[in-house]
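In: Predicted model and sequence below, questions to follow.
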Amino acid sequence: MTCIVGIASEGIVYIGGDRGVSDDNVITSMCRPKVTAMGDWVFGYAGSLGTGQLIEFITLPKMLKADDPYFVLKNDIVGELKKSYETSGRDNEDNSTDWLIGCKGRLFEIFSSDWGVLELEESVIGSGGNFAWGSLHTTKQYDVATPIYRIQTALQAAIDLSPTCLGPIDIVQTKK
C-alpha cells in the first residue's frame, strides 16, 4: 500500500512517499504524508499504517557534531520504536513496518521484523518498490537527474504501475 524512496547525496538525505492506503478492495489517498522532517531527521514508513505512524510520537534526539547517526539509531531510536511498537502498534505478527530514516547525510532502513538497521545510499520500501527500484536504476546514469527528480520519477512509476500506490507525492530532506 505504499512506496517510500530515499536517496543520500552530497550530505543531504531526501525521502519521498506516496499517500496511498489500500486493502484488498479499495485504495484512497491519506490526508497526512507518510514522510516527515523533524529536527535533524527525515523519515518515511511502509507496512502497517498504525505501526509506521509511531515514529512521529517518539523523541528523536538532537544530533551533536560528533554523534554517529547509526549508533543513535541502534542505541536510542530502535529502543523507543520497539517499546512503542509493543505497547501501541502491534496486535499480530502481520503488523510489520519498515522505516527509511535519514540524518547527517546518511540513509538507513529499519525493519520491525528483527529491528535491524541497514545503511544505504538509496533505498525503496513498500508494495510499489519494484517499480521504483527500476526507475532509480534507470535515472542513476543521468548526471542531470537530481535526487528530487529521481524520487519523483520513481514514485510516479509506482503510482502508475502498482494498484497499491496513489498520489500525491511528498518529499522531505535534511539540511546539509
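Out: On my side now, so go ahead.
In: Relative to Phe57, how far out is Ser88?
Out: Taking CB to CB, to the nearest Å as the measure, Ser88 falls 8 Å from Phe57. (C-beta placed from N, C-alpha, C; glycine too.)
In: Ok, Met38 next?
Out: For Met38, the distance to Phe57 - CB to CB - is 11 Å.
In: Between the two, which has more neighbouring residues?
Out: Met38 (13 against 10; other CB atoms under 10 Å).
In: So for that one, what pLDDT did the model give?
Out: For Met38, the pLDDT comes out at 94.
In: and it, what is it in contact with?
Out: Residues near Met38 by CB atoms under 8 Å, 6 or more residues apart in numbering: Glu56, Leu60.
In: and if you look at the one 3 residues further on?
Out: Shown in contact with Trp41 (CB under 8 Å, 6+ apart): Leu60, Ile101, Gly102, Cys103, Thr174.
In: Those in strands, which ones?
Out: Ile101, Gly102, Cys103 (DSSP state E).
In: name the helices or strands packed onto the helix or strand of the chain with the lowest mean pLDDT?
Out: Lowest on mean pLDDT, DSSP states H and E among the helices and strands of the chain sits helix 49-53, with a mean of 85. For helix 49-53, the elements it packs on are strand 41-47, strand 97-103, judged by 3 or more CB pairs under 8 Å, 6 or more residues apart in numbering; DSSP states H and E.
In: Distance to Asn25 and mean pLDDT added to these, as CSV?
Out: Output for the helices and strands packed on helix 49-53, formatted as CSV (distance: least, CB to CB, whole Å; pLDDT from 0 to 100):
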stretch, distance to Asn25, mean pLDDT
strand 41-47, 19, 95
strand 97-103, 22, 95
